[in-house]
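Participant: Make a model of this:
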Amino acid sequence: MSVPPDQLANARRLIRSTDRAALATVLPAAQGSGPYASLVMIAVDHDLSPILLISGLAVHTQAIAADARVSLLLDGTAGLDHALTGSRLSVMGRAKISKEPRLRERYIARHPEAAMYAGFKDFNFYRVTVERAHLVSGFGKIDWIDAADLMLPQALDEKLVEHEAGIVRHMNEDHSDALALYASNLLQLPGDGWRMTGCDRDGIDLRAGGQVARLAFPEPVADANGARQALVALVQQARAKAAAE
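Facilitator: The predicted structure follows:
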């Protein structure tokens with residue numbers, strides 16, 4: 001049975017917008033075996049693969065060393081009066097250490113505080129190869145999603161990937177006013193000091209202190225020029241909205 005397009009879009013939105021998850025691993029026999037859940041901070045690669053930064057001293061890391069199977073619960077129910085009416089996504093796959101500099105860069109951009117311990121010898125970045133996911137978007141809206149339907153492997157081959165760091169740096173250094181407009185006028189978010197932490201084919205990630213936000217592009221982009229056009233259009237939209245209020 002095919003997954004409705006709105007459910008696929010919702011699953012991808014949850015993966016992109018969530019900066020933390022409950023990580024479930026399988027304890028080795030030496031630690032009593034059985035399931036184990038813990039809190040982790042996450043980022044995602046351009047193809048939607050979750051990225052973790054975890055210590056070898058942690059129980060969940062020792063569990064992964066014995067059995068690479070993991071599940072991540074991404075919770076989109078914050079702020080709702082009735083949490084069970086909201087969306088949550090369980091992503092299942094296998095975690096493996098990655099030495100890709102780009103994954104390190106994406107993670108630290110998402111979690112700047114991680115820069116102070118990312119270089120410690122006992123810490124490693126892990127990439128989760130997703131195998132399937134289970135999405136609940138409220139009562140009766142439940143779907144199993146295969147990785148082939150959910151993931152975006154083609155995004156890793158797009159020119160945007162190699163230009164992302166430059167786009168993020170340029171926006172933070174030269175267009176902080178635009179980022180403030182995105183947050184206040186398009187997302188109705190309070191506060192100052194919003195910074196861009198990521199730019200992918202579907203939108204941008206923003207952060208101010210401990211608060212994160214996601215702003216989607218109207219249409220997917222594939223390169224730096226497409227991202228620039230989308231960002232300019234969003235600024236114009238934000239200014240027009242401000243002028244109308």
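Participant: who does the lengthiest strand in the chain touch, helix- and strand-wise?
Facilitator: Longest strand of the chain, by residue count under DSSP state E: strand 123-136. Contact partners of strand 123-136 among helices and strands, from 3 or more Cβ pairs under 8 Å, 6 or more residues apart in numbering; DSSP states H and E: helix 5-17, strand 50-55, strand 87-98, helix 101-110, strand 142-146, helix 147-150. C-beta: built from backbone N, CA, C; applies to glycine.
Participant: C199 is nearest to which of the ones you listed?
Facilitator: The closest of the helices and strands packed on strand 123-136 to C199 is helix 101-110. By Cβ to Cβ, the value is 9.8 Å.
Participant: Hey, what's the angle from that closest one to strand 87-98? Just curious.
Facilitator: Angle, helix 101-110 to strand 87-98, by axes from the mean of the first three to the mean of the last three Cα atoms, to 10 degrees: 130 degrees.
Participant: what about the protein, any weak spots by pLDDT?
Facilitator: For the chain, the stretches with pLDDT under 70 are 1.
Participant: what residues go with each domain of it?
Facilitator: Listed by automatic domain parsing, the domain ranges of the chain are 5-153, 160-244.
Participant: Dump those to CSV, plus mean neighbour count.
Facilitator: Shown next, in CSV, are these (neighbours: other Cβ atoms under 10 Å):
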stretch, mean neighbour count
domain 5-153, 17
domain 160-244, 17
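Participant: for the protein, which residue is closest to the average position?
Facilitator: By Cα atoms, centre = their mean, the chain has its centre lying nearest to R16, at 3.4 Å.
Participant: Under a three-state scheme, what state does the spatially closest residue to that one that is not a sequence neighbour occupy?
Facilitator: Spatial nearest neighbour of R16, excluding adjacent residues (Cβ to Cβ, 6 or more residues apart in numbering): R214 at 5.7 Å. Using DSSP: H, G, I helix; E, B strand; the rest coil, the structure places R214 in strand.
Participant: that older thread, export the helices and strands packed on strand 123-136 to JSON lines and tack on distance to E245?
Facilitator: Output for those, formatted as JSON lines (distance: least, Cβ to Cβ, whole Å):
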{"stretch": "helix 5-17", "distance to E245": "25"}
{"stretch": "strand 50-55", "distance to E245": "38"}
{"stretch": "strand 87-98", "distance to E245": "29"}
{"stretch": "helix 101-110", "distance to E245": "31"}
{"stretch": "strand 142-146", "distance to E245": "38"}
{"stretch": "helix 147-150", "distance to E245": "38"}
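Participant: Great, nothing more from me.
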